[in-house]
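Colleague: build the 3D model from these lines:
(2 chains)
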Amino acid sequence: MGFTIAEKILARASGKKSVKPGHYVTANVDLAMVHDSMAEVYDILLRTGVKRLWDSSKVVCLLDHWNLPPTIRAAENYKKVRRATKKFGMRYFYGQSAGICHQVLPERGHILPGQLVVGTDSHTITYGAFGAAGAGIGFSEMAYVLTTGKLWFKVPETLKFNINGILPRRVMSKDILLHIAGKYSVEIAQYKAIEFSGQTSKEMSLSSRMTMSNMAAEIGAKFAFFEPDEKVFGCLKERTKERFHPIKADVDASYEKIYDENVSTLEPLVAFPFSVDNVKPISKIGPIKIDQAVLGSCTNGRLEDLRIAAEVIGRRKIHPHVRMLVIPASAQVYQDAIQEGILSKLVESGAIICNPSCGPCMGAHMGLLASGEVCIASINRNFRGRMGSNEAELYLASPATVAASAVNGKISDPRAF
Amino acid sequence: MMRISRLKGRVWKFGDNIDTDVIISGKYLNLTMDEIKNHVLEAISKGFSKNVKPGEIIVAGRNYGCGSSRETAPAALKALGIGAIVAESFARIFYRNSIAIGLPAILCPGITKIFKNGDEAEIDMKKSLIINLTSKESLKFQPFPMEMVKVLEGGGIEHLLRQMVVKDRKRSGKKQVSRG
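Modeller: The predicted structure follows:
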């Protein structure tokens, strides 16, 4: 009997020949990512008297959630993080200009196939798009990892999603994940690993894969892998000299369940408030007027997302009643979008370009919603109160649908553009 | 065996998919814990923070704590004095974080069927048993694996880490002496 990617990575990281779902293992972590929460982690390290990190070259830190700080308190926290990175001599600190952690780490060549990566962020799972086992953890566990380099894991069962068919025009990988959430609920992958497979997954761009691995957090997954292939190797070639050992699942690996999804007839989908599985097809929803449209986040703030938004909008103007926020996921994305002329098109249409950061996604700042306001966003969560007032409404959709909606002033089908 | 052997308190009952933003919204994360406490579950249970008493217990449906990795969510519940959270199922990171800060997150399928809001609950950690003192019904839960018992018993990872640092220091101190 063979093994899944999750089983192989956890066995390797815990120095075991093989592991089975349900086993508890203590694994050596290959890389730790800490963002703004380094402030909280630092407090724990100070309180416990930790003097040095297990390996300061295996820690990457940057500031993205409250960037740029909207309050003095947020600024004080950032000051604390800077102090922490100096004190512990962290080699990789990217400060406030790089962008969102889950975009920056792969861009800078930190994420390698086969790695076990932990991060103080639930969307650390995004690294599965590169064949790495990325898992989110909290402050205390991160303090433990930074001190010892180790953490316990329960070996998860794996679900396999075979995605086949040709995605119709203006339908994106975000729609595939929303489709899975809508069809099977937000608990389908609770405490499990996912392997996305099938022809559509193979043909998909790395950016589109990142969107799906990222959103797998919303269906409860612990890891969400795509098998690392030439696209991943090609991307890494120009970014790192580190050697790595890509891990693939065995052909006779044992899956808890295998799902077959054909996306050839998929239409753009929208997740209604206040749950990611409250999904409806765009053709079946009535008129919903919007006040704000947000294009960005670690889910959908990459070049291909900005590109399709600019394409959908064309020479049209953003609806006069709508604020459209565009937040490139990283400085690199920002620069590439400038070079391609995407940002000037978006500015011309009336969009507001923000600095690479998490923006209003987790409700920190930069475009929070007032009570009664409605927003459509390319982000990952539509929980009550997430982007501001508890009485605001948040809808999730692909960048194409967000752009079409921004133009019409109401949630709209991008296929008409 | 568990050092926290018995918990007793009134039950606050919640439904499925109570997410971390609802437990404590991102907009409050930069406040101090004393301020954060006042906003716990405010979007769905007005007055929760004011009325909850130390030792009380949360009983919830499926996927409790889904969403963010913010440790502030279980930490704020703990700061309000919540003694334990018993749910049909938990979201992964919330579960880990609760254990990591020494707050028992108890996985107990069927729990929502035997509790109403306001019932009195008793949790016997040694016997892995939850009793509804109001209705006299009870339910067994899966005992915690050793990895988690160690953390819960130690009062959370931070305490374990502190002990580790102290032990390390003693050891390296001795080494220096022997070298000298």
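Colleague: in chain A, which spans are helices?
Modeller: Taking DSSP state H, the helices of chain A run over residues A:5-13, A:38-48, A:72-87, A:101-107, A:139-148, A:173-184, A:199-203, A:206-215, A:230-237, A:297-300, A:303-313, A:331-339, A:342-349, A:399-408.
Colleague: same question for the shortest one, mean pLDDT?
Modeller: Summarised as a single mean, pLDDT over helix A:297-300 is 98.
Colleague: quick one, what contacts the residue lying closest to residue A:209 once chain neighbours are set aside?
Modeller: What sits nearest to residue A:209 in space, not counting adjacent residues and going by C-beta to C-beta, 6 or more residues apart in numbering or on different chains, is residue A:129, at 4.0 Å. Quick note: C-beta positions are derived from backbone N, CA and C, even for glycine. Shown in contact with residue A:129 (C-beta atoms under 8 Å, 6 or more residues apart in numbering or on different chains): A:106, A:206, A:209-210, A:212-214, A:224, A:226, A:232.
Colleague: could I get the helices of chain A as TSV with distance to residue B:37?
Modeller: Converted to TSV, these look like this (distance: least, C-beta to C-beta, whole Å):
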stretch	distance to residue B:37
helix A:5-13	37
helix A:38-48	16
helix A:72-87	16
helix A:101-107	28
helix A:139-148	17
helix A:173-184	32
helix A:199-203	44
helix A:206-215	31
helix A:230-237	45
helix A:297-300	29
helix A:303-313	38
helix A:331-339	37
helix A:342-349	41
helix A:399-408	36
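Colleague: got a markdown table for those, with mean neighbour count and distance to residue B:129 too?
Modeller: Compiled in a markdown table, those are given as follows (neighbours: other C-beta atoms under 10 Å in any protein chain shown; distance: least, C-beta to C-beta, whole Å):
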| stretch | mean neighbour count | distance to residue B:129 |
| --- | --- | --- |
| helix A:5-13 | 25 | 32 |
| helix A:38-48 | 21 | 33 |
| helix A:72-87 | 16 | 43 |
| helix A:101-107 | 26 | 42 |
| helix A:139-148 | 26 | 28 |
| helix A:173-184 | 24 | 33 |
| helix A:199-203 | 16 | 46 |
| helix A:206-215 | 26 | 39 |
| helix A:230-237 | 15 | 49 |
| helix A:297-300 | 30 | 42 |
| helix A:303-313 | 23 | 51 |
| helix A:331-339 | 18 | 54 |
| helix A:342-349 | 18 | 60 |
| helix A:399-408 | 29 | 50 |
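Colleague: out of those, which is closest to residue A:114?
Modeller: helix A:5-13 (6.2 Å; C-beta to C-beta).
Colleague: and the contacts of residue A:129, which two are the farthest apart?
Modeller: Among these, A:214 and A:232 lie farthest apart (C-beta to C-beta), at 15.8 Å.
Colleague: give me the neighbour count for residue B:82.
Modeller: Here the number of neighbours of residue B:82 (other C-beta atoms under 10 Å in any protein chain shown) works out to 23.
Colleague: just to check, it is in contact with residue B:60?
Modeller: No. Residue B:82 is beyond contact range of residue B:60, at 11.3 Å (criterion: C-beta atoms under 8 Å).
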